[in-house]
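# Output the structure for:
(chains A and B)
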2 protein chains.
Amino acid sequence: MEEFVKVAVDAMGGDNAPEEIVKGAVEAVKDCDKIKIILVGQEKVVKDTLSHYEYPADRISVVHAEEVITNDEAPVMAIRRKKESSIVVAMNLVKKGEADAFVSAGSTGAILVGGQLIVGRIRGIERPPLAPLIPTLSGVSLLIDCGANVDARSSHLVQFAKMGSVYMEHVMGVRNPRVAIVNIGAEEEKGNMLVKETYPLLKNCNEINFVGSIEARDIPYGKADVIVCEAFVGNVILKLYEGVGSAMMTKIKDGLMSTLRSKFGAVLIKPALKKTLKSFDASEYGGAPMLGLNGLVIKTHGSSKSIEVKNSIIQSVAFKEQQINEKIKNNVVNNE
Amino acid sequence: MEEFVKVAVDAMGGDNAPEEIVKGAVEAVKDCDKIKIILVGQEKVVKDTLSHYEYPADRISVVHAEEVITNDEAPVMAIRRKKESSIVVAMNLVKKGEADAFVSAGSTGAILVGGQLIVGRIRGIERPPLAPLIPTLSGVSLLIDCGANVDARSSHLVQFAKMGSVYMEHVMGVRNPRVAIVNIGAEEEKGNMLVKETYPLLKNCNEINFVGSIEARDIPYGKADVIVCEAFVGNVILKLYEGVGSAMMTKIKDGLMSTLRSKFGAVLIKPALKKTLKSFDASEYGGAPMLGLNGLVIKTHGSSKSIEVKNSIIQSVAFKEQQINEKIKNNVVNNE
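Sure, this is the predicted structure:
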């Protein structure tokens, strides 16, 4: 008998909760018959929303959680105090083994804290990174770490490189993924103290395909599959990616509306342009996994619509089937 | 009698030297009658190039420099050994007071090292930052520091904030410029150790208009005029700005060529799109000043054409007329 992948989903997290979250869950069970979903949140609200859909009733259940953690709350405090919140209740399901994975569009800070405090680190993993997939001209790259691990040490970065490599190879199907470290020049002697310390460690690491430094301008061109950096820099990269992209689109739209001639042109190019830009949109690729935990935690964008929620849920299947955590235990922890 | 602003220009630096550099110099003296230029480089080559143009002969002179520093050379070594290079010879002109400013499209590393070792820091300035102007939806912002000062301390960042503020106010004409520090969240308690240390210092700084943290996604929207960060992060921001922009353009062009309909549309929108994107192109705004030195050093992009060279040269006029270095001495150094 086939075993289901059980995913606890935070029905209350994100700008579009619970509607888009519930919708995404329904779409996920319809798209993939290996998934069972536990929607965690205020039972009445969630069940009301669910009642608008048809779905295989044995594959979506609801677990009540009275409280909601908002983005404004201090994460550590929120996780400690709000024991009845959807995030805490759902993470406890993962901890107890009642769910394989947890997906949330809620407070990033609370998810990162909860991941460490409730789900817990794999023994030997020093810090669990948050690793979003970012779009490039040639596909996607994993940006690791964008979490809350500021002021990281070189040993953390080495673990990030190995975990990222496992993820890209076995979840995303990239053979022998190229691992690079974010730097301000291509040469080995360049960089700040952390990069200079980490570079030789990565170079001597047999488990990964280390290709050296990557300058930020080369990231959108897909020159590496796993982009290693500490979380402050990763956060800047992720947010600037988003910011420059959306600012340019605003600028282009204004430009297209500036003359009568360009307005006509705009009508003609719209479908092609839309399709093009969709492929350069990070949200298409599901959520950001938090790696190195006793279970999978996936953070999806706060503004996620059902499609992103669905993609994030479906990511969990490959994660479980490919036994990513066993591979992390074997390749990352035991090899040190 | 009016005094000229004397600018030493590295005729040998950059991808398009000497042609575009010499052309830019000629355009600068024609555009602005307050400028005298000293082209520094291999005399025969420079004079040959100059002979293609008509210009007021008393306002462009040539100083011979036999050697050229390339981008591949280790900067410190190059500056120490190549005493007859265009960069070293030109910087010595600034040091001796024979030129007010130095403009180069050559090796960034060599320019940063030469700025410190040859031109020298203003007494009291701990580290001279490199501060490019980056385009935003509402104009330009100064990104300070993108130089070689990795692993900076909080006292450096405070000086960067003050110098950047002086520059934006008196060279770029921004009244009471908004100063922000790059961070991974808007709240005061967020950030890495450096940012947490620097934030309260900036908050208590009366000479600047500190508006708090800025997340990378808000930079392209022009939410601050002076963007303070240490050089590693600044470098990542600058290069990623460039990378995401050019990758998106590649993507959009491919998209426009994908269907017959969109090809027709592309012809119609081309002029409007071109104009729009020009305003989002960093090179339009001249070069990046290296602040806090006994003279002005401006680094222009390695791929600069004559227009950027000209703009960088003309920047020197406001810098001298507004007595930026006197203001830095008074507002930054003496106020500590």
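
# Which parts of chain A are strands?
For chain A, the strands defined by DSSP state E occupy A:5-10, A:35-41, A:60-64, A:101-104, A:133-136, A:139-144, A:178-182, A:209-214, A:226-228, A:288-290, A:296-299.

# Tell me which of these lies nearest to residue B:194.
Taking CB to CB, strand A:178-182 is the member of the strands of chain A nearest to residue B:194, at 17.1 Å. Using the backbone N, CA and C atoms, a C-beta is placed for each residue, glycine as well.

# Identify all contacting residues around that closest one.
Residues from elsewhere that reach strand A:178-182 (CB atoms under 8 Å, 6 or more residues apart in numbering or on different chains): A:157, A:161, A:164-165, A:195, A:198-199, A:202, A:208-216, A:219, A:223-229, A:233-234, A:237, B:236.

# Could you point out which residue ranges in the stretch 151-300 of chain A have low pLDDT?
A:279-285 (pLDDT under 70).

# how about residue A:184, phi and psi?
phi -100, psi 20 (degrees, to the nearest 10).

# what's the burial count for residue A:72?
By other CB atoms under 10 Å in any protein chain shown, 8 other residues sit near residue A:72.

# and the gap between it and chain B?
To chain B, residue A:72 is 10 Å away according to CB to the nearest CB, to the nearest Å.

# Equivalent analysis for residue A:165, please.
Distance from residue A:165 to chain B, by CB to the nearest CB: 22 Å.

# about what we covered before: out of the strands of chain A, flag the one nearest residue A:124.
strand A:288-290 (16.4 Å).

# filter the contacts of strand A:178-182 to the buried ones?
For the contacts of strand A:178-182, a burial check counting by 16 or more other CB atoms under 10 Å in any protein chain shown picks out A:157, A:161, A:164-165, A:195, A:198-199, A:202, A:208-216, A:219, A:223-229, A:233-234, A:237, B:236.

# so what's residue A:119 up against?
Contacts of residue A:119 (CB under 8 Å, 6+ apart): A:91, A:94-95, A:102, A:293-295, A:297.

# which one of the residues you listed sits closest to chain B?
Proximity of those to chain B (CB to the nearest CB) peaks at residue A:297, which lies at 19.1 Å.

# these two touch, right, that closest one and residue A:102?
Yes. The pair residue A:297 / residue A:102 is scored as a contact, 5.1 Å apart, by CB atoms under 8 Å.

# can you map out the helices along the stretch 201-336 of chain A?
A:231-256, A:260-278, A:306-321, A:324-328 (DSSP state H, counting those that start in this stretch).

# who touches both of residue A:297 and residue A:102?
In contact with both residue A:297 and residue A:102: A:91, A:94, A:119, using CB under 8 Å, 6+ apart.

# you'd agree residue A:231 is up against residue A:150?
Yes. Taking CB under 8 Å as the definition, residue A:231 is a contact partner of residue A:150 at 5.4 Å.

# More neighbours: those two, which one.
A count of neighbours by other CB under 10 Å puts residue A:231 above the other of residue A:231 and residue A:150, at 25 against 20.

# Can you give me the domain assignment for chain A?
If you go by the TED database, the domain ranges for chain A are A:1-125+A:292-322, A:129-285.

# hey, what's in contact with both of residue A:231 and residue A:150?
Contacts common to residue A:231 and residue A:150, judged by CB under 8 Å, 6+ apart, are residue B:184.

# quick revisit: now the domains of chain A as TSV including distance to residue B:87?
As requested, the domains of chain A are exported to TSV (distance: least, CB to CB, whole Å):
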stretch	distance to residue B:87
domain A:1-125+A:292-322	46
domain A:129-285	18
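
# before we move on, back to that, looking at the helices of the stretch 201-336 of chain A, which is closest to residue B:276?
helix A:231-256 (2.9 Å).

# List the buried residues in that closest one.
So helix A:231-256, judged by 16+ other CB under 10 Å, has buried residues A:231-245, A:247-248, A:251-252, A:255-256.

# Please list all residues in contact with the residue nearest to residue A:118 when sequence neighbours are not counted.
Closest residue to residue A:118 apart from its sequence neighbours, by CB to CB, 6 or more residues apart in numbering or on different chains: residue A:91 at 4.1 Å. Residues near residue A:91 by CB under 8 Å, 6+ apart: A:8, A:102, A:114-115, A:118-119, A:297.

# ditto for residue A:334
residue A:124.

# If the residue most central in space within chain A is in a bridge, with which residues?
In chain A, the centroid-proximal residue (CA atoms, centre = their mean) is residue A:288; its distance is 0.3 Å. Beta bridges link residue A:288 to residue A:299, judged by DSSP bridges.

# wait, doesn't it sit right on residue A:134?
No. Assessed by CB under 8 Å, residue A:288 is found out of contact with residue A:134, at 9.6 Å.

# and the closest residue to chain B within the stretch 1-150 of chain A, what are its phi and psi?
For the stretch 1-150 of chain A, the residue closest to chain B is residue A:150, as judged by CB to the nearest CB, at 4.0 Å. Backbone torsions of residue A:150, given as degrees, to the nearest 10, read phi -70, psi 160.
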